[in-house]
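In: got a predicted structure plus its sequence, pasted below:
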Amino acid sequence: MRTEVCERFGVEFPLFAFSHCRDVVAAVTNAGGFGVLGAVAYTPERLEEELRWIDGHVGGRPYGVDVLVPGRIDESAERAGRGEGDPGSVLGAIPAEHWNFLAALFEKYGVPAPDLGRARDAAAATGGARQVTRQGATELIDVSLSHPIRLIASALGPPPPLMVERAREAGVAVAALVGTVEHARRQVAAGVDLVVAQGGEAGGHTGEIATMVLVPEVVDAVAPVPVLAAGGIATGRQMAAAMALGASGVWCGSVWLTTEEAETVPVVKAKMLAATSRDTVRSRSRTGKPARQLVSAWTEEWEGAGSPGPLPMPLQMIVAEGAMRHINKVAESGNEGAGRLANYFVGQCVGLMNTVKPARQVVYDMIEEFADAIERLNKITET
């Protein structure tokens, strides 16, 4: 396959795999695709460890890093994420009613309550708050660019000038995810080299416009900048459709969540394997911004009448992610209530994710199906 992105990044297949799991990133890169590590969950120290491991397992093959740099962050949340003021400033920005609601959830679903005091302290020390502030994201960018990555992506909003400048100095391409044509134009103006047009079917933070509509709009709007199609893509047939829409490749995230290497906890992986495309919802209950995830008692309760409502990013992440780690751990012991609450980010293509395979096999299956789809299309035009 010889698309523009294949030539630019030196990959066999224009298949970009976003994952929080280093094993998936390495497996896809080694199979001829391009692995991209999602860095938002990591401290700079942990990211350094993960990237060092990837460096040692890909033999110089290309891979990238994705960071989350919100364009707008609630001012109190920004101060809290930086840890300004007293040591408890992060926790002090979270209303007591949210902790009380969380405790009530544990009680309602029969989940043994953790020591919320210790959980809050841990969240303040190591949670996602700092990583999604400007300062925290800059630290992750610096760590990323100290490794031989080929791409750095901004997952939420235009990349800051500092990110573009440092990437240019390091000879690293800059990508950005967009959900509208307007966003795409702003990203190009900010200096990105690659636009990822992500439809509303995608898992995680996403907009509302469908992939089939969004991709050709973005392709036309930003030409000659290459575009990757994203959002609900899990098969070679969809990959072929994306290329027909003008994309130079595809960016996939959800499809790796049911692979053998994935970070997905077993109870959630089982839910995904059994889910249909209707079993996801865009909800602010995990991060504070609309993010597509599995429907569960967690999403239903946070959107329910008794909820205090999700907090702005990154404060909701502090409340939610520590709680979900505890829920997942308890669910693995067979606790029914915890199993009902457990969920994870995933796109509508979850209905196509019905078996557990090695990540490299997913790559090979997609490419084989892509080739079959192209052959069928060629036959249509034969005379």
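Out: Thanks, I have the structure now.

In: surely residue 193 meets residue 224?
Out: No: between residue 193 and residue 224 there is no contact under CB atoms under 8 Å: 11.1 Å. Every residue, glycine included, has its C-beta placed from N, CA and C.

In: more neighbours: which of the two?
Out: Each of residue 193 and residue 224 has its neighbours counted (other CB atoms under 10 Å); residue 193 has more, 18 against 5.

In: distance of the more buried one from residue 111?
Out: Per CB to CB, to the nearest Å, residue 193 is found 46 Å from residue 111.

In: same check, this time on residue 219
Out: For residue 219 relative to residue 111 (CB to CB), the value is 47 Å.

In: which parts of the strand or helix carrying residue 318 are buried?
Out: Here residue 318 sits within helix 315-331, counting by DSSP states H and E. Buried residues in helix 315-331, counting neighbours by 16 or more other CB atoms under 10 Å, are found at 315-324, 326-331.

In: of all those residues, which comes closest to residue 101?
Out: Residue 101 has its nearest neighbour among the buried residues of helix 315-331 in residue 319, at 8.7 Å by CB to CB.

In: quick check: closest non-adjacent residue to that closest one.
Out: Closest residue in space to residue 319, ignoring its immediate chain neighbours: residue 98 at 5.4 Å, by CB to CB, 6 or more residues apart in numbering.

In: the one you found against residue 320, yeah?
Out: No: when contacts are counted by CB under 8 Å, residue 98 is not listed as touching residue 320 (9.7 Å).

In: what stretches of the protein score poorly on pLDDT?
Out: Within the chain, the stretches with pLDDT under 70 are 70-91, 116-134, 383.

In: strands of that one, residue ranges please.
Out: Shown for the chain, the strands assigned by DSSP state E span residues 15-19, 34-38, 63-67, 151-154, 173-178, 194-198, 204-205, 227-230, 249-252, 280-283, 291-294.

In: select, out of those, the one closest to residue 26.
Out: With CB to CB as the criterion, residue 26 lies closest to strand 34-38 of the strands of the chain, at 6.3 Å.

In: so the closest one versus strand 15-19, what angle?
Out: Strand 34-38 runs at 20 degrees relative to strand 15-19, counting by axes from the mean of the first three to the mean of the last three CA atoms, to 10 degrees.

In: can you list contacts of strand 34-38?
Out: 5, 9, 11, 14-20, 22, 24-29, 50-51, 54, 58, 62-66, 150-151, 153, 155, 251 (CB atoms under 8 Å, 6 or more residues apart in numbering).

In: rerun that using 6 Å as the cut-off
Out: The contact list for strand 34-38 (CB atoms under 6 Å, 6 or more residues apart in numbering) reads 9, 11, 16-18, 20, 25, 28-29, 62-66.

In: okay, those residues in TSV with neighbour count and distance to residue 258 next?
Out: Shown next, in TSV, are those (neighbours: other CB atoms under 10 Å; distance: CB to CB, whole Å):
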residue	neighbour count	distance to residue 258
9	20	26
11	25	23
16	28	18
17	28	13
18	28	15
20	21	14
25	31	16
28	31	14
29	26	19
62	18	25
63	29	21
64	25	22
65	27	23
66	27	20
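
In: check contacts around the residue nearest the centre of the chain.
Out: Residue closest to the average C-alpha location in the chain (CA atoms, centre = their mean): residue 204, at 5.4 Å. Residue 204 makes contact with 291, 345 under the criterion CB under 6 Å, 6+ apart.

In: doesn't residue 249 make contact with residue 228?
Out: Yes: under the criterion of CB atoms under 6 Å, residue 228 lies in contact with residue 249, with a separation of 5.0 Å.

In: buried set for the longest helix seen in the chain?
Out: For the chain, the helix with the greatest residue count under DSSP state H is helix 359-380. For helix 359-380, burial by neighbour count (16+ other CB under 10 Å) applies to 359-360, 362-364, 366-367, 369-370, 373-374.

In: which other residues reach stretch 327-345?
Out: So stretch 327-345 is in contact with 109-111, 203-204, 265, 267-268, 291, 293-294, 296-298, going by CB under 6 Å, 6+ apart.

In: which of the residues you listed fall in helices?
Out: Among these, the subset assigned to helices under DSSP H consists of 267-268, 297-298.

In: among those, which one lies nearest to residue 235?
Out: Proximity of the ones in helices among the contacts of stretch 327-345 to residue 235 was ranked by CB to CB; the top entry is residue 268 with 21.7 Å.

In: excluding its backbone neighbours, what's nearest that closest one?
Out: Residue nearest to residue 268 in three dimensions, not counting chain neighbours: residue 344, with 4.8 Å by CB to CB, 6+ apart.

In: compute the distance between residue 280 and residue 136, please.
Out: Residue 280 sits 28 Å away from residue 136, taking CB to CB as the criterion.

In: mind checking which of those two has more residues around it?
Out: Ranked by neighbour count (other CB under 10 Å), residue 280 and residue 136 place residue 280 first, with 27 against 23.

In: wait, the more buried one sits on residue 290?
Out: No: assessed by CB under 6 Å, residue 280 is found out of contact with residue 290, at 11.9 Å.

In: if we can go back for a sec, can you redo the strands of the chain as a markdown table with distance to residue 380?
Out: What follows is the strands of the chain, written out as a markdown table (distance: least, CB to CB, whole Å):
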| stretch | distance to residue 380 |
| --- | --- |
| strand 15-19 | 24 |
| strand 34-38 | 30 |
| strand 63-67 | 36 |
| strand 151-154 | 35 |
| strand 173-178 | 32 |
| strand 194-198 | 26 |
| strand 204-205 | 35 |
| strand 227-230 | 21 |
| strand 249-252 | 22 |
| strand 280-283 | 33 |
| strand 291-294 | 34 |
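
In: looking at the ones you listed, which is nearest to residue 350?
Out: When the strands of the chain are compared for distance to residue 350 using CB to CB, the nearest one is strand 280-283, at 6.2 Å.
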